[in-house]
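Asker: coordinates only, no sequence provided:
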């Protein structure tokens, strides 16, 4: 049996990442990249909607996707720290997307073959989306890592900044159709292969002990939620 | 990350059986990224099943100054239009 907390973790990772990705709208280095990052964010938002609805059903308290997205405080969110911190540096955005999309790709592939029919359905549909996200991050990683000395340096610095937050993705989970810990080897193997091709080093740094799955967050999540939830909380039920 | 990216022309085939149609242009550093940018800019609302990108610099265009010499001679050649035949009923794509 899948726990509501597990489904919330999947949903919140996608939702918070989508919100961060949306920050790039009108700010990306080129209009074309602006649209690409916004598209990726919208894919993630679509995944979050299905997953939140499912988490609400598992919880059995009658909460809809909107209730869960807009009316929870940060301590009730279950996303990892990797996705909640600001990402105003393009290299950081790409480094994070490479790790997160590769993780999602392995996760959804495993979920699609799991015994949880709802998650298998959502994951099966999302697999094609995240394959594109991985590809987008991979192409930029190759170009920045194996580009100029300056781009290489910035990309390496971005990886160093994100790397302490990678391990939290693989925190073992109970009542889970796919234990995140079982994905670690495959995800790190794939990311490592891209970094090698891009002439970048896998950072050798200590991991941060993130508490996202237990509702413990960095100070950044509260600010993100304030912006994301403001409209709904000020005008409950607002639609257009 | 400068405005130095070359320009590419984008062609989309909206469904099987139709030909690729020019839909616009975009900037990209190379062909691979141009194709991906085209996917995001021009097909995100299910507009297509196939994409072509062509460097704009590779397009050879007719000269507007030569328009009359190029196109006017066709003006009075009505016999080149297949309008003197009876089209059998039920033939749609002629």
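Answerer: In hand now; what should we look at? Computed from a prediction, not measured in an experiment: that's the story for all the values here.

Asker: which bits of chain B sit near chain A?
Answerer: When proximity is defined as Cβ under 8 Å from any Cβ of the partner chain, chain B approaches chain A at B:1, B:5, B:26-29, B:32-33, B:36-37, B:40-41, B:44. (Glycine included, C-beta is placed from N, CA and C.)

Asker: buried ones from those, can you make that a ChimeraX selection?
Answerer: Restricted to buried positions by 16 or more other Cβ atoms under 10 Å in any protein chain shown, the ChimeraX selection for the residues of chain B next to chain A reads:
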select /B:5,26,27,28,29,33,36,37,40,41
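
Asker: the residues of chain B next to chain A into TSV, with extra columns for distance to residue A:211, secondary structure and pLDDT?
Answerer: Listed next are the residues of chain B next to chain A as TSV, based on distance: Cβ to Cβ, whole Å; DSSP: H, G, I helix; E, B strand; the rest coil; pLDDT from 0 to 100:
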residue	distance to residue A:211	secondary structure	pLDDT
B:1	36	coil	45
B:5	42	coil	89
B:26	43	strand	94
B:27	43	strand	93
B:28	41	coil	92
B:29	40	coil	89
B:32	40	helix	92
B:33	38	helix	92
B:36	36	helix	93
B:37	38	helix	92
B:40	35	helix	90
B:41	40	helix	91
B:44	36	coil	83
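
Asker: what does residue A:186 show for phi and psi?
Answerer: Main-chain dihedrals, residue A:186, degrees, to the nearest 10: phi -60, psi -40.

Asker: check the residue lying closest to it once chain neighbours are set aside and give its pLDDT.
Answerer: Nearest residue to residue A:186, sequence neighbours excluded (Cβ to Cβ, 6 or more residues apart in numbering or on different chains): residue A:106, at 4.9 Å. Here, the pLDDT recorded for residue A:106 equals 98.

Asker: and if you look at residue A:30?
Answerer: For residue A:30, the predicted pLDDT is 88.

Asker: with adjacent residues omitted, what lies nearest to it?
Answerer: Nearest one to residue A:30, counting by Cβ to Cβ, 6+ apart, is residue B:27 at 6.0 Å.

Asker: and for residue A:115?
Answerer: residue A:177 is the one closest to residue A:115 (Cβ to Cβ, 6+ apart), at 6.0 Å.

Asker: tell me which helix or strand residue 19 sits in.
Answerer: The chain I'm using is chain A. For residue A:19, the element it lies in under DSSP states H and E is helix A:4-22.

Asker: now do the buried residues in the following helix or strand past that helix.
Answerer: Per DSSP H and E, the first helix or strand lying C-terminal to helix A:4-22 is helix A:31-59. Residues of helix A:31-59 classed as buried by neighbour count (16+ other Cβ under 10 Å): A:32-41, A:43-56, A:58.

Asker: so who does the residue nearest to the spatial centre of chain B touch?
Answerer: Per Cα atoms, centre = their mean, the C-alpha nearest to the average position across chain B is that of residue B:22, at 3.0 Å. Residue B:22 makes contacts with B:9, B:10, B:11, as judged by Cβ atoms under 8 Å, 6 or more residues apart in numbering or on different chains.
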